[in-house]
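Visitor: Show me how the following folds:
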Amino acid sequence: MQSSEAPTRISLTAAAPVQRPGSPADRVLQVHFGNDEASLSSPDRRDGRASNELIGISQWLSWASVDTIGPDRHGAARLRGGRARMHNQKMFDWNDLTYFLAVAREGSSLAAARALRVNQSTVHRRLVELEKRLGCPLVERRPSGYRLTDCGKELQPYAERVEQAASALARHAATFDKGMTGTVRLTCSTAIAYRLTRSELLDKFHKSYPGIKIELLMTDRVLDLSRSEADVALRGGDAREEVLVGKKIADVPWAVYASRSYLGRNGNPRSPEDLQSHCIIEFTDDLAALKAARWLSSKAPQARISGQASNVPSVLLAVKSGAGLAPLPTPLADLDQDLVQVIGPIPELDYPIYLLTHRDLRKIPRIAAFFQYCLDRLRPVLTGAQSRKTS
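Guide: So this is what the prediction gives:
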């Protein structure tokens, strides 16, 4: 008596030995495993005649046997003697997508290695392995760096979806941790990190929460909280990411500074208009987008540029060396006794600072505790009110 059990269906993609005009190079063929036999069907069958693909798969099945596993007797194809091979026996390692995306975003294996904190050779090796498993080149190697191939460009958004799904899974799993122990990673600029370490803010937090460790990620690169590159961010400018939650925690004042040695040689400017006759430090790269950079170029378009800097600490060092004048955040510059505030603070240069985290991470107790602690106590540290009060 025949069983009424429905056959198990497995879809295989096989290249056609002979491709007819107008037909795709790859077709999906269905292998139907019944109780003790296997049969084939294809959406490409016409007039009851098997296509070339079915003939090819039939030859493959001649080397396979059908095993039945357990009482449900689900069919499983097993290769006999290893004489037949499928072209994609081993799935690629999902972790290798991380290396591919880093190269795509950074433009070189060296920059990708820095971003991932691994060796350059590791990036190269994993990228080559991913290309091998996928069966197509993802990047073109050029003297100036890496450039995505057409294949790489098409696959990048799919890799990003895998990355987003994995990050979402990790964030959600982290919410199951209800303890008040572990690490909270805080990302901020080098200038803000310097200010934090000079204050007692972090020491007092550790006394209140001895089981929580704060890890400072000091970088002027914007780390992606959605990709779990950090847990909490102190970020200047406008906060526009919809998945982030937070609050503006301070407006940091800026003023124009010079070193004592520079003022001894060149005199003290009394107004913004006087900057035309002085040397200035020009802001470059991402720093050129700051209001302070635009203000300086508008007030002193003819001033002599004696130096350039792409981050705030470098501007401070250039001013301290006596090279010229420049706007600086007052909480940072006021800590250095070699610097003199010559103009300001200038209200139109106030720079907003936001405290941010991902909305999923806000549910984790240790992150929520640190986040609220910063909301309550961080503003005086960032604006310089704390140092003025204690000095």
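Visitor: how many other residues sit next to Leu375?
Guide: Leu375 has 13 neighbouring residues, counting by other C-beta atoms under 10 Å. Heads up, the C-betas are built off the backbone N, CA and C, glycines and all.
Visitor: which residues touch it?
Guide: Contacts of Leu375 were listed using C-beta atoms under 8 Å, 6 or more residues apart in numbering, and they are 247, 249, 355.
Visitor: Then Val222?
Guide: Arg235.
Visitor: Would you tell me which helix is longest in this protein?
Guide: helix 150-174 (DSSP state H).
Visitor: mind listing what's buried in it?
Guide: Within helix 150-174, the residues that count as buried by 16 or more other C-beta atoms under 10 Å are 152, 155-156, 159, 163, 166-167, 171, 174.
Visitor: How about stretch 125-132?
Guide: 126-127, 130-131.
Visitor: So for it, mean pLDDT?
Guide: In this model, stretch 125-132 has a mean pLDDT of 90.
Visitor: and what of stretch 135-143?
Guide: Taken as a whole, stretch 135-143 carries a mean pLDDT of 86.
Visitor: Likewise for stretch 333-345?
Guide: Per-residue scores along stretch 333-345 average to 91.
Visitor: Residues in contact with it: which ones?
Guide: Residues outside stretch 333-345 that contact it (C-beta under 8 Å, 6+ apart): 195, 198, 253-260, 263, 268-269, 271-272, 275, 316, 319-320, 325, 327-328, 330, 384, 387-388.
Visitor: just checking, which of those belong to strands?
Guide: Among these, the members found in strands (DSSP state E) are 254-259, 327-328.
Visitor: Between the residues you listed, which sits nearest Leu361?
Guide: Comparing the ones in strands among the contacts of stretch 333-345 against Leu361 with C-beta to C-beta picks out Trp254 as the nearest, at 31.0 Å.
Visitor: so what's the nearest residue to the closest one once chain neighbours are set aside up against?
Guide: Closest residue to Trp254 apart from its sequence neighbours, by C-beta to C-beta, 6 or more residues apart in numbering: Leu349 at 3.9 Å. Contact analysis of Leu349 by C-beta under 8 Å, 6+ apart lists 253-255, 291-292, 295, 327.
Visitor: Of the residues you listed, which count as buried by neighbour count?
Guide: Neighbour counting by 16+ other C-beta under 10 Å classes 253-255, 292, 295, 327 among the contacts of Leu349 as buried.
Visitor: mind checking the backbone torsions on the closest residue to Arg304 other than its chain neighbours?
Guide: If the residues on either side of it in the chain are set aside, Arg304 comes closest to Cys279, at 4.9 Å by C-beta to C-beta, 6+ apart. Phi and psi for Cys279, reported as degrees, to the nearest 10, are phi -90, psi 140.
Visitor: returning to that earlier point: are any of the contacts of Leu375 buried, and if so which?
Guide: Counted by 16+ other C-beta under 10 Å, the contacts of Leu375 give 249, 355 as buried.
Visitor: So which of the contacts of Leu375 is the closest to Leu223?
Guide: Out of the contacts of Leu375, the member with the shortest distance to Leu223 (by C-beta to C-beta) is Leu355, at 14.4 Å.
Visitor: The helix or strand hosting the closest one: which residues count as buried?
Guide: In the assignment (DSSP states H and E), Leu355 maps to strand 351-358. For strand 351-358, the neighbour count (16+ other C-beta under 10 Å) marks 351, 353-358 as buried.
Visitor: and that strand, what does it pack onto?
Guide: Counting contacts by 3 or more C-beta pairs under 8 Å, 6 or more residues apart in numbering; DSSP states H and E, strand 351-358 packs against strand 232-236, strand 244-252, helix 365-377.
Visitor: same thing but at 10 Å, please
Guide: Applying 3 or more C-beta pairs under 10 Å, 6 or more residues apart in numbering; DSSP states H and E, one finds that strand 351-358 contacts helix 150-174, strand 182-188, strand 232-236, strand 244-252, helix 365-377, helix 379-383.
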